[in-house]
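In: from the sequence below, what's the structure:
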Amino acid sequence: MTEYLLQMNHISKTFPGVKALDNVMLEVKPGEVHALIGENGAGKSTLIKILAGIYAPDPGAEFYFEGKEAGIHKPIDATLKGISIIYQDLSLFPNLSVAENIYMGRESTSKSWKKIDWKKIEETAEKALKELDVQVDLNMPVEKLSIAQQQLIEIARALAFDAKLIVMDEPTSSLSAGEVEKLYKVINDLKRKGIAIIFVSHKLKELFTVSDRFTVLRDGKFVGTYETNDLDEDKLITLMVGRQVLYEKNQGIIKAGNTIFEVKGLSKEGNFRDISFELKQGEVLGITGLVGSGRTELAQAIFGVNRPFTGEIKINGETVKVRSSEDAVKKGIAYIPESRKTQGLILQQSIINNISLPVLKTLRNALGLINRKKETALADHYVETLDVRPALPKMEAGQLSGGNQQKVVIGKWLSTKPKILIIDEPTNGIDIGAKTEIHKLLRKLASEGMGVIVISSELPEVLAVSDRILVMRHGKIAGELSINEATQENIMNYALLGSKQTGVHRENPDLGEERGIPM
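Out: All right, here's what the predicted structure looks like:
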């Protein structure tokens, strides 16, 4: 009897113009957490979609589950075998109840009257939640739950289908530190029950915390499977990217230009209060802080989608009114939002259509029609400049890996020729190799004279790209640090305590802040 729950050997997948997987293998044992890791574009998503029955592999593949040929040709086949996939973008129905979401996909009618068997639905949901030690109102619409709670509902749904293998794709990308710890506990409980987990993440520390073994892919090929104890972060990164990657602190700007952007006394009740700062030409300004500190709301206010109540915005010393995102673009401001999938891209559209979207008016000919030749040339330029892979401008954006999707979003907004670029969580859900590429790109844009604002919750990232750092706390700027004096400790002291000095706390009475560390 085989020791493996899942065996996938000689797995290849060819799309027109690109070979996404080339002779890959994956073997997972019962009750283990198996990390699947590789750069964006390495083939992880394609392999998962084959496992889920969404894609069929090329001829010659060997695919076994519980020692027998899997016979998975469509998603329902995988579900009935006991394979559940929890994607980064959760697949719940927001307007349906917790119980309905957990039961979704099963036969839910009584045999006698063909009516919905609500008792059976609630019993199934209650049993699944009890296994996870989760207490939540079965009748509550899931849209009213936190992201962490919704994730637990996804896991409960997997248990309701008697899952033997659960794939978790970037499960902690939207969770706080406390919620991540709770997820770890759930994962350990699932392991004790013999349920296997394939864990996909770009956060190396959490992979080493939860995983028993690693399978590494690179450029669509199998690199190897390794015991966690045989790896460290440096070795793993080298296996992933084929080279050593250094994540170093920025050494500071060589020469900053004049102030090109200024914010004075910007306030919006409940979001942020009395924000003032300057941005110089050729400078990368980092803005960080804990979740809920008002960073994203501030960026959206500057871009005209979350208009402030009071305050002033100046560009090159001139006061400007930004009432909408269209106003912002006209003034030379571009904003790349945190969620590329829901706010940055139209996933069903091509790379060409996404990149040209903000500048369609400039691509019209004398008859008012889009000049397709110009549009294609524009997309080709940014696909080449940003090294989007695969370099297929007609490919749907949704088929790209996360890192390449982010490059397309950047290209989309660079097409507007901005003077000020604001980018929110630039490398969320992106592997270490793609992170360094994007960091270099942001530094390059600044060196060419652009003013760049980087909003990030990852302190190594803020330190790697910034010339100067603002730390937000409870909607206000708690501190400002030059890159020379900035350390992770100093930043966290400002974020948690409102001061660079450990143990000192400055209260913020304007926002009704309570004394102590926010939880």
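In: run through the chain and note the low-pLDDT ranges.
Out: Scanning the chain for pLDDT under 70 picks out the ranges 1-2, 40, 107-114, 174, 243-249, 252-256, 500-519.
In: domain assignment for it?
Out: Per automatic domain parsing, the structural domains of the chain span 6-241, 259-332+418-511.
In: quick one, what contacts G194?
Out: Applying C-beta atoms under 8 Å, 6 or more residues apart in numbering, one finds that G194 lies in contact with 30-31, 164. (C-beta placed from N, C-alpha, C; glycine too.)
In: at 7 Å what do you get?
Out: By C-beta atoms under 7 Å, 6 or more residues apart in numbering, the residues touching G194 are 30-31.
In: circling back: dump the domains of the chain into TSV; add distance to T362 as well.
Out: Below are these laid out as TSV (distance: least, C-beta to C-beta, whole Å):
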stretch	distance to T362
domain 6-241	29
domain 259-332+418-511	11
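In: out of those, the one nearest L400 is which?
Out: Among the domains of the chain, domain 6-241 comes nearest to L400, with 7.8 Å by C-beta to C-beta.
In: the closest one spans what distance, first to last residue?
Out: End-to-end distance for domain 6-241, by C-alpha to C-alpha, to the nearest Å: 26 Å.
In: my read is D137 is in a helix, agree?
Out: No. Read with DSSP: H, G, I helix; E, B strand; the rest coil, D137 is coil and lies in no helix.
In: tell me the contacts of the residue nearest to it when sequence neighbours are not counted?
Out: Distances taken as C-beta to C-beta, 6 or more residues apart in numbering put V98 closest to D137, at 6.8 Å, once the chain neighbours are dropped. Contact partners of V98, counting by C-beta under 7 Å, 6+ apart, are 125, 136-138, 140, 142, 153.
In: what comes up buried for stretch 169-179?
Out: With burial defined by 16 or more other C-beta atoms under 10 Å, the residues of stretch 169-179 counted as buried are 169-176, 179.
In: ok, so of the residues you listed, who is nearest E283?
Out: S173 (28.6 Å).
In: ok, back up a step: select only the buried ones of the contacts of V98 in PyMOL?
Out: Here is the PyMOL command that selects the buried residues among the contacts of V98 (16+ other C-beta under 10 Å):
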select buried, resi 125+136+142+153
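In: next, format the contacts of V98 as TSV and append distance to G304.
Out: TSV is the format used below for the contacts of V98 (distance: C-beta to C-beta, whole Å):
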residue	distance to G304
A125	43
V136	38
D137	38
L138	41
M140	35
V142	31
I153	35
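In: return the closest of the contacts of V98 with respect to L497.
Out: Distances from L497 to the contacts of V98, taken as C-beta to C-beta, are shortest for V136 (33.6 Å).
In: what sits closest to the closest one if chain neighbours are left out?
Out: V98 (5.7 Å).
In: between the domains of the chain, which gets nearest to T376?
Out: Nearest of those (C-beta to C-beta): domain 6-241, 15.9 Å.
In: starting at the chain centroid, how far to that closest one?
Out: Distance of domain 6-241 from the chain centroid (C-alpha atoms, centre = their mean, to the nearest Å) equals 17 Å.
In: just stretch 232-243 next, same as before
Out: Worked out by C-alpha atoms, centre = their mean, stretch 232-243 lies 21 Å from the chain centre.
In: do stretch 472-481 as well
Out: Taking the mean of its C-alpha atoms, stretch 472-481 sits 24 Å from the chain's own mean (C-alpha atoms, centre = their mean).
In: show me what contacts the closest residue to N258 other than its chain neighbours?
Out: Distances taken as C-beta to C-beta, 6+ apart place Q281 nearest to N258, at 5.9 Å, with adjacent residues excluded. Going by C-beta under 7 Å, 6+ apart, Q281 touches 257-258, 260, 449, 451.
In: tell me the one of the residues you listed nearest W118?
Out: Taking C-beta to C-beta as the measure, G451 is the one of the contacts of Q281 closest to W118, at 57.7 Å.
In: burial of that closest one, as a residue count?
Out: The local packing of G451 (other C-beta atoms under 10 Å) involves 27 other residues.
In: quick one: the residue nearest to D137 from R157, how far?
Out: In this view, V98 and R157 are 10 Å apart by C-beta to C-beta, to the nearest Å.
In: show residues contacting stretch 72-80.
Out: So stretch 72-80 is contacted by 51-54, 56, 63, 71, 81, 105, 161 (C-beta under 7 Å, 6+ apart).
In: so how far does stretch 396-407 reach from one end to the other?
Out: Stretch 396-407: ends 14 Å apart by C-alpha to C-alpha.
In: now G449: how far from G332?
Out: Separation of G449 from G332 (C-beta to C-beta): 12 Å.
In: who's more crowded, those two?
Out: Using other C-beta under 10 Å as the criterion, G449 and G332 rank with G332 on top: 19 against 11.
In: how about the contacts made by the more buried one?
Out: Shown in contact with G332 (C-beta under 7 Å, 6+ apart): 315, 418-420.
In: how does it look with 8 Å?
Out: Contacts of G332 (C-beta under 8 Å, 6+ apart): 315, 417-420.
In: helix or strand for I197, which one?
Out: Assigned by DSSP states H and E, I197 falls within strand 196-200.
In: what's the answer for F214, then?
Out: Judged by DSSP H and E, F214 forms part of strand 213-218.
In: show me what that strand packs onto, helices and strands only.
Out: Helices and strands touching strand 213-218, by 3 or more C-beta pairs under 8 Å, 6 or more residues apart in numbering; DSSP states H and E, are strand 18-28, strand 33-37, strand 221-227, helix 233-241.
In: so where do the strands sit in the stretch 251-400 of the chain?
Out: Along the stretch 251-400 of the chain, counting by DSSP state E, counting those that start in this stretch, strands occupy 259-268, 272-280, 284-289, 310-315, 318-320, 333-336.
In: the stretch 51-200 of the chain now?
Out: Using DSSP E, counting those that start in this stretch, strands in the stretch 51-200 of the chain cover 62-65, 68-69, 83-86, 165-169, 196-200.
In: using a markdown table, please lay out those strands together with distance to I237.
Out: Formatted as a markdown table, these follow (distance: least, C-beta to C-beta, whole Å):
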| stretch | distance to I237 |
| --- | --- |
| strand 62-65 | 30 |
| strand 68-69 | 36 |
| strand 83-86 | 26 |
| strand 165-169 | 20 |
| strand 196-200 | 16 |
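In: which of these sits closest to V409?
Out: Closest to V409 of those is strand 165-169 (C-beta to C-beta; 19.6 Å).
In: just the C-alpha atoms of stretch 383-392, please, in PDB.
Out: Extracted in PDB, the C-alpha atoms of stretch 383-392 (Å, rounded to 0.1, in the frame of the first residue of the first chain):
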ATOM      1  CA  VAL A 383       5.000  43.900 -21.600                       C
ATOM      2  CA  GLU A 384       8.600  44.200 -22.800                       C
ATOM      3  CA  THR A 385       9.700  46.900 -20.400                       C
ATOM      4  CA  LEU A 386       8.200  45.200 -17.300                       C
ATOM      5  CA  ASP A 387       9.100  41.700 -18.500                       C
ATOM      6  CA  VAL A 388       5.600  40.400 -18.300                       C
ATOM      7  CA  ARG A 389       5.600  36.600 -18.700                       C
ATOM      8  CA  PRO A 390       4.400  35.000 -20.800                       C
ATOM      9  CA  ALA A 391       4.900  37.900 -23.300                       C
ATOM     10  CA  LEU A 392       1.500  37.400 -24.900                       C
END
